[in-house]
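S.K.: Predicted model follows, preceded by the sequence.
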Amino acid sequence: MTSETGTPLLELQRINKSFGAVHVLHDVDFTVHPGQVTALVGDNGAGKSTLIKCVAGIYPADSGTIVFEGAPVTVNSPRDAAALGIEVVYQDLALSDNLDVAQNMFLGRERKRKYRLPLLQKLLPRTLDEAAMEEAARETLARLSVRTVASVRQQVASLSGGQRQTVAIAKAVLWESKVVILDEPTAALGVAQTEQVLALVRRLAEAGHGVVLISHNMNDVFEVADRITALYLGRVAADVKASDVSRSQVVELITAGRSGDLGLAPSTAAESI
Amino acid sequence: MSDNTDIDTVPAGAGGVGETDRTDRTDRTDRAGGAARAASDRRGLAGLRGRLAGANVLWIFLVLVGLMTFFSVIEPNFTNPVNLRSIAADNAPLLVLAVGMTYVIISAGIDLSVGSVLIFSGVVAAKTMLWLGGGADASVGAANAGWGVTLAGCAAGVLGGTAWGLLNGLLVAKARIPSLIATLGTLGMALGAAYLITDGTDVRGIPLNFTRTIGFGLALGVVPWLCVIAAVITVLLGLVLAFTKFGLRTYAIGSNAEAARRVGIPVDWHLIRVYALSGMLAGVAGCLSLAHYTTTTISGHTTDNLAAIAAVVLGGASLFGGSGAVAGTVIGLLIPAVLQKGFITIQVNPYWQYIAVGAVLVLAVYFDQLRRRARERG
């Protein structure tokens, strides 16, 4: 586990977001360090998805600052987020069933074949460089020690849930994302596949990525997370080291906003309801 | 069978294979998955193979070969060059329509307007030719006009078709009108416009050089020009679909438009271009048809849209998008064409063609469903 010293990769400061009269996020602070898995936990409606969508540029925050690698940035579209190196792996994965693994990993940033002669380069239409994309996809999977995906030429439709999750995560790695945000990556998986995906999450952090894990599952959180940020009705109830808290404390933070001397002040927690 | 639109609920575990209805090409994966690994020096070929072929196409190709054999055994005259040539020439405009339809269907849409746009484009092309090349003698029209007039007319026709295609694309991508309805609307509008321009009478008197060369001339004395043009377009767009970013993204959007949007593909713009392409090809087909029939045939082509859709589906494309190939479409188009000519050759009432094609279409999809169900159980 890496120490908390050094510049955080991503720092959200006092983020506020309302949808009409509903104040979804109240002054939320959230920090992601390189080489760490930060778990973002909270009950349904706590604001996890909204917070992530603010980071991903799907809807901009009403107020607050996003600091990326020490510099304030604006993220107004998914393209902005991608350009910074922030990649969100959504719960529904959003892969194209009819394309194969390599094509899915490169979708949106396809590589084209280069002609040796500059003249041809100008004159001929450039076709997809399938071989290079296949090779890069295979290398990325190998780098992540993925053995579950036999061929990158397999159609995604033929993959299991765990394999799909793996492909979606590998895609973020391939595009050299610095921050990888995983939305409930194990929600639809069996026991063995959950283990594989969690191991992959751990390897992502070890490779230096800042990983955000959104999860309801305390087993997952305690298995891989270095830090835990608990949201309660749009406020940060606690931002703690995983080793400093117990499962029951985290569950209390999620359900009541406080646990012992951790969490929101009793008045704030009550007011939020 | 799982719901066709629900692509993300693949069961975990269960041997690691979750198949959905939308995977027309899964066969390929089963076979080619292993083959691709074995033949790693032929990298990229598996993906290519998937897009060019697939089990469905193979099956339908065998049907075509079977039909050709059947007709030529009963009537050896069936395979003589004149007969084959006329099959090809008669279907050239339809092939051009069907190639555009392949793109539209792969992008999970449908274009019902192509037949009407074909007529509209033919009318616009003919009227332009008459306007530019018409002499004093109205009964001759522009029959003696030069190639400049012909080309200008064709350009106008293709532009007219592209305009309808652009409108389709805007309606589908921007106004979010389901393609079935949007193109049903433009089907009516394009036809109405063609009737208004012509007052309901076919336009005659187009340049003779156009009809004699493009219409029924032979390139190198062997192949009809119509077929050469249609073949060039088909091969070119088949390659674009299989090997370029544009083609890949068309599959991606048809497979999962939301996924495509999230990786930053400009989905709306892409769809507009796909429909514009279909409209443009309908414009080209309109010019080819004009040359072939020497007149605008405004009352024909009412079922061209359905013929093009049938060809694409027979060729192995899924109406739910994400799969299909131009090679399949070509075969899917040739089956009805061969049936029709075959029935005439063996002196069966050619109207049987419609019944036979309908049955083949239903059977093709039915067998495909059977195979997929068997695979899901296995």
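M.R.: Yep, that arrived.
S.K.: only C-alpha atoms for contact and neighbour calcs from this point on.
M.R.: Will do.
S.K.: any chance you could map the strands in chain A?
M.R.: A:10-19, A:22-32, A:37-42, A:63-68, A:71-73, A:86-89, A:179-183, A:210-214, A:227-232, A:235-241, A:258-259, A:262-263 (DSSP state E).
S.K.: Return the list of helices and strands in contact with the second one.
M.R.: What it means is strand A:22-32. Other helices and strands packing on strand A:22-32, by 3 or more C-alpha pairs under 8 Å, 6 or more residues apart in numbering or on different chains; DSSP states H and E, are strand A:10-19, helix A:48-56, strand A:210-214, strand A:235-241.
S.K.: Partner strands of it, with direction?
M.R.: Strand pairing for strand A:22-32, determined by DSSP bridges: strand A:10-19 (antiparallel).
S.K.: Kindly report the same for the fourth one.
M.R.: Paired neighbours of strand A:63-68 in the sheet (DSSP bridges): strand A:10-19 (antiparallel), strand A:71-73 (antiparallel).
S.K.: mind checking which of the strands of chain A is nearest residue B:77?
M.R.: The closest of the strands of chain A to residue B:77 is strand A:86-89. By C-alpha to C-alpha, the value is 62.1 Å.
S.K.: Kindly report the residues of chain A close to chain B.
M.R.: Neighbours of chain B within chain A, by C-alpha under 8 Å from any C-alpha of the partner chain: A:78-79, A:92-100, A:107-108, A:110, A:112, A:126-128, A:130-131, A:134, A:151, A:153-155, A:157-162, A:188-190, A:193.
S.K.: what's next to the helix or strand that contains residue B:229, contact-wise?
M.R.: Assigned by DSSP states H and E, residue B:229 belongs to helix B:225-243. Helix B:225-243 is contacted by residues A:127-128, B:48, B:51-52, B:88-89, B:92-93, B:95-96, B:99, B:103, B:213-219, B:246-248, B:250, B:288, B:292, B:325-327 when judged by C-alpha atoms under 8 Å, 6 or more residues apart in numbering or on different chains.
S.K.: can you check stretch A:69-88 too?
M.R.: A:7-10, A:54-60, A:65-68, A:172, A:175-183, B:262, B:264.
S.K.: Just the mean pLDDT for stretch B:106-118, thanks.
M.R.: Mean per-residue pLDDT for stretch B:106-118: 95.
S.K.: chain center to that stretch: distance?
M.R.: On the basis of C-alpha atoms, centre = their mean, to the nearest Å, stretch B:106-118 sits 9 Å off its chain's mean C-alpha point.
S.K.: distance between the ends of it?
M.R.: 21 Å (C-alpha to C-alpha, to the nearest Å).
S.K.: May I have the helix holding residue B:229 exported as CSV, CA atoms only?
M.R.: Extracted C-alpha coordinates of helix B:225-243, given in CSV (Å, rounded to 0.1, in the frame of the first residue of the first chain):
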residue,chain,number,x,y,z
TRP,B,225,-22.0,-1.4,-68.4
LEU,B,226,-24.8,-1.5,-65.8
CYS,B,227,-23.2,-4.5,-64.2
VAL,B,228,-19.7,-2.9,-64.3
ILE,B,229,-20.9,0.2,-62.5
ALA,B,230,-23.0,-1.8,-60.0
ALA,B,231,-20.1,-4.2,-59.4
VAL,B,232,-17.5,-1.4,-58.8
ILE,B,233,-19.9,0.3,-56.3
THR,B,234,-20.6,-3.0,-54.6
VAL,B,235,-16.9,-4.1,-54.3
LEU,B,236,-15.8,-0.6,-53.1
LEU,B,237,-18.5,-0.3,-50.5
GLY,B,238,-18.0,-3.9,-49.5
LEU,B,239,-14.4,-3.2,-48.8
VAL,B,240,-15.2,0.0,-47.0
LEU,B,241,-17.6,-1.9,-44.7
ALA,B,242,-15.1,-4.6,-44.0
PHE,B,243,-11.8,-2.7,-43.7
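S.K.: With mean pLDDT as extra columns, can I get the strands of chain A in JSON lines?
M.R.: Conversion of the strands of chain A to JSON lines gives the following (pLDDT from 0 to 100):
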{"stretch": "strand A:10-19", "mean pLDDT": "91"}
{"stretch": "strand A:22-32", "mean pLDDT": "90"}
{"stretch": "strand A:37-42", "mean pLDDT": "93"}
{"stretch": "strand A:63-68", "mean pLDDT": "91"}
{"stretch": "strand A:71-73", "mean pLDDT": "91"}
{"stretch": "strand A:86-89", "mean pLDDT": "88"}
{"stretch": "strand A:179-183", "mean pLDDT": "92"}
{"stretch": "strand A:210-214", "mean pLDDT": "93"}
{"stretch": "strand A:227-232", "mean pLDDT": "92"}
{"stretch": "strand A:235-241", "mean pLDDT": "88"}
{"stretch": "strand A:258-259", "mean pLDDT": "78"}
{"stretch": "strand A:262-263", "mean pLDDT": "76"}
